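J.: fold the following for me, if possible:
(chains A and B)
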Amino acid sequence: MQNIKVLFVEDSLTMRRVIKNSLKNIGFTDIIEAENGEDALKKIENTKIDLVLTDWNMPEMNGEQLVLRLRSMDMYKSTPILMITTRGLRDDVLNAIKIGVNGYLVKPFDAATLKKKLSKCIDLN
Amino acid sequence: MKETNGNKNQILTKVDEMREFFKFGDEIIPFLEDLFKFLQDVMPIMSEVSSSLQDTTSKLPTASDRIADVTKTTEMATTEILDNLDLISEKLTELNLDSDKDQDHIDNVNEKITNIILSLQFQDITSQKLEHTERILSAIYEKFTDLFHSLEGLKFQTDFGTKIMSGLDVEIDKKNLDDNSKLFDKETEDTIRNDNSTQEDIDSLFD
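T.: You can find the predicted model right below:
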């Protein structure tokens, strides 16, 4: 997974640390972190991302808005996006699917579940 | 002659109308007296309720700040825990391992560290719940503030409102209100103060 560039977007400092640690344990090494959608778009301006993990509730630009922006760009039309959020309502999940999210993980999650969700989005071998 | 009779009838009709009006006035006066008596009785209660609500409302921003403080404090504590866990992981990788058994132990400890890190997600989840509570408190505060402004507006907009509000001021039982306010302050006393003594200051009190 050395060649997979991952972007994860999360406003909580704690969750950023938790997710980064989990991604490293799974084997990802090329990781870009951002505090919100706006920050994420700035950080990926000059690079191509292979996998996106994003929270939903965030200030400035939330996860839903970020997904819509990414999906409107040709280079991110089919990039795997995993939403990691505390919002677990059926309607929320349906909305996420509608806007083009590939996977949905409700917090709190464990390492095995995260790996399982990621393996459905991207080849981890 | 016919015209004079017509005028006379018109005047009589008007007199009858006026008589009916005064008769209505006579009937309505006791009702109005009762109404004002009722208002006089109810005013102290209204003012007390209003004062209690204002007391409660004034506490809401402080409660809201406290919630934000909790979030900040738990985030700082969690960061410290994560820093220490990272440090432990680093130290573990530096260890010289003599056997597969040692490696198993290290792997086991690393797994436990990962589990601890994952369980720290509680901080973000509780923060979001607190944030929600904070938003509710802010919304309640805004509603009450709007309500009080509306009541203040009423005071100056109509004569009736002015009389009611001045009646409220007169009827307030000052001592009773002060007592209630003190009781409310005691019940909602802020035990976590910003002007905390240092541990040294506290220790010196025991010397």
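J.: okay, CA-based contacts and neighbour counts for the rest of this
T.: OK.
J.: state the pLDDT value of B:Asp100.
T.: On the pLDDT scale, B:Asp100 is placed at 76.
J.: what does B:Gly167 give?
T.: 63.
J.: what stretches of chain A score poorly on pLDDT?
T.: Chain A contains residues with pLDDT under 70 at A:1-2.
J.: what ranges does it have for its helices?
T.: Using DSSP state H, the helices of chain A run over A:13-26, A:37-43, A:63-71, A:90-99, A:111-121.
J.: of all the ones you listed, which one is nearest chain B?
T.: For chain B, the closest of the helices of chain A is helix A:13-26, at 6.0 Å, according to C-alpha to the nearest C-alpha.
J.: go through that closest one and flag the buried ones.
T.: Across helix A:13-26, burial judged by 16 or more other C-alpha atoms under 10 Å in any protein chain shown covers A:14-23, A:26.
J.: check those against chain B, which are close?
T.: A:14-15, A:17-18, A:21-22 (C-alpha under 8 Å from any C-alpha of the partner chain).
J.: which parts of stretch A:81-95 are buried?
T.: Buried positions in stretch A:81-95, judged by neighbour count with 16+ other C-alpha under 10 Å: A:81-87, A:93.
J.: now the lengthiest helix in chain B against helix A:13-26, angle please.
T.: Secondary structure of chain B per DSSP H: the longest helix is helix B:2-94. Comparing the axes of helix B:2-94 and helix A:13-26 via axes from the mean of the first three to the mean of the last three C-alpha atoms, to 10 degrees yields an angle of 40 degrees.
J.: helix or strand right after helix B:2-94?
T.: helix B:100-119 (DSSP states H and E).
J.: that following helix: which residues count as buried?
T.: B:106, B:110, B:113-114, B:117-118.
J.: kindly state the beta-bridge partners for the most centrally placed residue in chain A.
T.: Geometric centre of chain A, nearest residue: A:Leu53, 0.9 Å, by C-alpha atoms, centre = their mean. Taking DSSP bridges as the rule, A:Leu53 bridges to A:Phe8, A:Leu82.
J.: what parts of chain B come near chain A?
T.: B:75, B:78-79, B:82, B:114-115, B:117-125.
J.: might you report the residue contacts of A:Leu7?
T.: Contacts for A:Leu7 (C-alpha atoms under 8 Å, 6 or more residues apart in numbering or on different chains) come out as A:31-34, A:40, A:49-53.
J.: any idea which of those residues has the most stuff around it?
T.: Ranked by neighbour count (other C-alpha atoms under 10 Å in any protein chain shown), the contacts of A:Leu7 have A:Val52 at the top, with 24 neighbours.
J.: I'd say that one and A:Ile84 touch.
T.: No - with contact defined as C-alpha atoms under 8 Å, A:Val52 does not reach A:Ile84; the gap is 10.3 Å.
J.: and B:Ala63, how close does it get to chain A?
T.: Applying C-alpha to the nearest C-alpha, to the nearest Å, the value for B:Ala63 to chain A is 22 Å.
J.: that residue: how many residues sit nearby?
T.: B:Ala63, neighbours per other C-alpha under 10 Å, totals 16.
J.: so what's A:Glu35 up against?
T.: Contacts of A:Glu35 (C-alpha under 8 Å, 6+ apart): A:9-12, A:58.
J.: and if you look at B:Leu95?
T.: No contacts exist for B:Leu95 under C-alpha under 8 Å, 6+ apart.
J.: need the residues of chain A near chain B, please.
T.: Within chain A, the positions adjacent to chain B are A:12-15, A:17-18, A:21-22, A:86, A:107-111 by C-alpha under 8 Å from any C-alpha.
J.: will you turn these into a markdown table that also has distance to B:Asn96?
T.: Output for those, formatted as a markdown table (distance: C-alpha to C-alpha, whole Å):
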| residue | distance to B:Asn96 |
| --- | --- |
| A:Ser12 | 36 |
| A:Leu13 | 33 |
| A:Thr14 | 31 |
| A:Met15 | 32 |
| A:Arg17 | 27 |
| A:Val18 | 27 |
| A:Asn21 | 23 |
| A:Ser22 | 25 |
| A:Thr86 | 41 |
| A:Lys107 | 37 |
| A:Pro108 | 35 |
| A:Phe109 | 33 |
| A:Asp110 | 30 |
| A:Ala111 | 27 |
